[in-house]
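J.: The sequence and its predicted three-dimensional model are supplied below.
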Amino acid sequence: MKSTLTNYRPNWMTPELEALEEMTRRFFLNEIIPHRERFEAQQHVDREVWFKAGEAGLLCASIPAEYGGGGGSIVHDAVILGTPAALGDRSFGNAVHSGIVAHYVAAYGSEELRRRILPKAASGEMIGAIAMTEPGTGSDLQAIATRAVHDGDHWVINGSKTFITNGLLADFVVVAAKTNEEGGARGLSLIVVETAGLPGYSVGRNLHKLGQHGQDTVEMFFDNVRVPAGNLLGEENTGFVQLMQQLPRERLVLGYVCARAIEHCVDVTTAYTTEREAFGQKLSSMQNTRFERRLDAQVARQRAPQQRR
Ligand SMILES: Cc1cc2nc3c(=O)[nH]c(=O)nc-3n(C[C@H](O)[C@H](O)[C@H](O)COP(=O)(O)OP(=O)(O)OC[C@H]3O[C@@H](n4cnc5c(N)ncnc54)[C@H](O)[C@@H]3O)c2cc1C
């Protein structure tokens, strides 16, 4: 379907990015869209999809090449993550994996941690998640109840998380935990938990949501989970600062993805109203629909001068 908004091309698009967009589009049309009903029924994509996406170069595009990533920037992420939204797919949790979680490891992980995790994140061998939200708190991250305490050369983590995207299949989870009771915002740390065969780590319900049915969103439990001390990201008690540094990037990417999803909604609505007939005429030729379209045209005219700048 040709998009109604095809003329709205961001001014940062280049021929190279357009080729990437086309490649991403083909990947989703072949590997995801045909299986969407099954993914939605099972509430997650197959693990195989992650391997194929890795092979196609769709994972960790903005992670430096020396760690196995694509060596690109946020515009590569925008194209790879926005294209499926424009096709109407929100089942593949790559925005969290590549656009968010991998960047915490790249920015604050030790060299050893980066080399252990990032190449596998880029190939699809390891799926990433980030666990901040808890049953008792979401926006107010300072109030989290999950605790991590030192025990020799390990951290011991106790607590529970909820609403965790990619959590069902996650191989590494960036966990936000309290590491200083008195510290308030300065008492929070981010610790990478590698989940394979890890005693005390478990995943709870895969939650039903209003939308994004093919994407897993789960509860997670940490019962005396022991993690090597070197899995701490950056300095102890600096987790809140790290979150504040990364959240703007995350919000920008997700905002763009949402704009592409709206583009899809406009396309679907336009197709429906121009094809569907009632009372002997197309819906698009009815008076009320024409009012709505006139409003759209006004908005488009207002946006046009900005596009030319
Ligand atoms: C599909 C989905 C995927 C998610 N994936 C993840 C994930 O991967 N990892 C993760 O950690 N979390 C994830 N979340 C959780 C998400 O980050 C939280 O839902 C979010 O932080 C809000 O927290 P909350 O739901 O506990 O709401 P609360 O913070 O309890 O807020 C409740 C209400 O109060 C309002 N409110 C909050 N603060 C204020 C304020 N200062 N002033 C006025 N009103 C306020 C909010 O707008 C909201 O309406 C996901 C959520 C969803 C829906």
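T.: That came through fine.
J.: for F163, helix, strand, or coil?
T.: Reducing the assignment to helix, strand or coil with DSSP: H, G, I helix; E, B strand; the rest coil, the entry for F163 is strand.
J.: Let me see the ranges of the helices in this structure.
T.: Taking DSSP state H as the criterion, the chain contains helices spanning 15-31, 36-42, 47-55, 74-86, 94-96, 102-108, 111-123, 239-275, 287-308.
J.: now the fourth one and helix 15-31, what's the angle there?
T.: Orientation of helix 74-86 against helix 15-31 (axes from the mean of the first three to the mean of the last three CA atoms, to 10 degrees) gives an angle of 40 degrees.
J.: So which elements touch helix 74-86?
T.: With contacts defined as 3 or more CB pairs under 8 Å, 6 or more residues apart in numbering; DSSP states H and E, the secondary structure elements packing on helix 74-86 are helix 15-31, helix 94-96, helix 239-275. Placement of C-beta: from N, CA and C, glycine included.
J.: if we can go back for a sec, make a markdown table from the helices of the chain and add mean pLDDT to it.
T.: Conversion of those to a markdown table gives the following (pLDDT from 0 to 100):
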| stretch | mean pLDDT |
| --- | --- |
| helix 15-31 | 97 |
| helix 36-42 | 96 |
| helix 47-55 | 98 |
| helix 74-86 | 96 |
| helix 94-96 | 96 |
| helix 102-108 | 98 |
| helix 111-123 | 98 |
| helix 239-275 | 93 |
| helix 287-308 | 65 |
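J.: Can you add mean neighbour count and distance to D153 and give the ones you listed back as a markdown table?
T.: A markdown table is the format used below for the helices of the chain (neighbours: other CB atoms under 10 Å; distance: least, CB to CB, whole Å):
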| stretch | mean neighbour count | distance to D153 |
| --- | --- | --- |
| helix 15-31 | 16 | 42 |
| helix 36-42 | 14 | 39 |
| helix 47-55 | 17 | 31 |
| helix 74-86 | 23 | 35 |
| helix 94-96 | 24 | 30 |
| helix 102-108 | 22 | 19 |
| helix 111-123 | 19 | 14 |
| helix 239-275 | 16 | 20 |
| helix 287-308 | 10 | 56 |
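J.: out of the helices and strands packed on helix 74-86, which comes closest to P228?
T.: Distance to P228, taken as CB to CB, is lowest for helix 239-275 among the helices and strands packed on helix 74-86, at 17.1 Å.
J.: For that closest one, name the packing helices and strands.
T.: When contacts are defined as 3+ CB pairs under 8 Å, 6+ apart, helix 239-275 packs onto helix 74-86, helix 94-96, helix 102-108, strand 172-178, strand 188-194, strand 281-282.
J.: how about the residues of the stretch 151-300 of the chain that lie near the ligand?
T.: Taking CB under 6 Å from any ligand atom as the criterion, the stretch 151-300 of the chain approaches the ligand at residues 163-165, 209, 212, 217.
J.: how far away is the closest residue to the ligand within the chain from A121?
T.: Across the chain, the shortest distance to the ligand (CB to the nearest ligand atom) belongs to G138, at 1.8 Å. From G138 over to A121 the distance is 25 Å, taken as CB to CB, to the nearest Å.
J.: Over to F279?
T.: Shown here: F279 relative to A121, a distance of 55 Å by CB to CB.
J.: same thing with R26?
T.: When distance is defined by CB to CB, R26 is 23 Å away from A121.
J.: Are any of the residues of the stretch 151-300 of the chain next to the ligand buried, and if so which?
T.: When these are checked for burial by 16 or more other CB atoms under 10 Å, the buried set is 163-165, 217.
J.: related to what we said a few turns ago, and the residues of the stretch 151-300 of the chain next to the ligand, which is closest to R38?
T.: Of all these, Q212 has the smallest distance to R38: 15.3 Å, by CB to CB.
J.: Identify the residue nearest that closest one in space, chain neighbours excluded?
T.: When the adjacent residues along the chain are set aside, Q212 lies closest to R90, with 4.5 Å between them (CB to CB, 6 or more residues apart in numbering).
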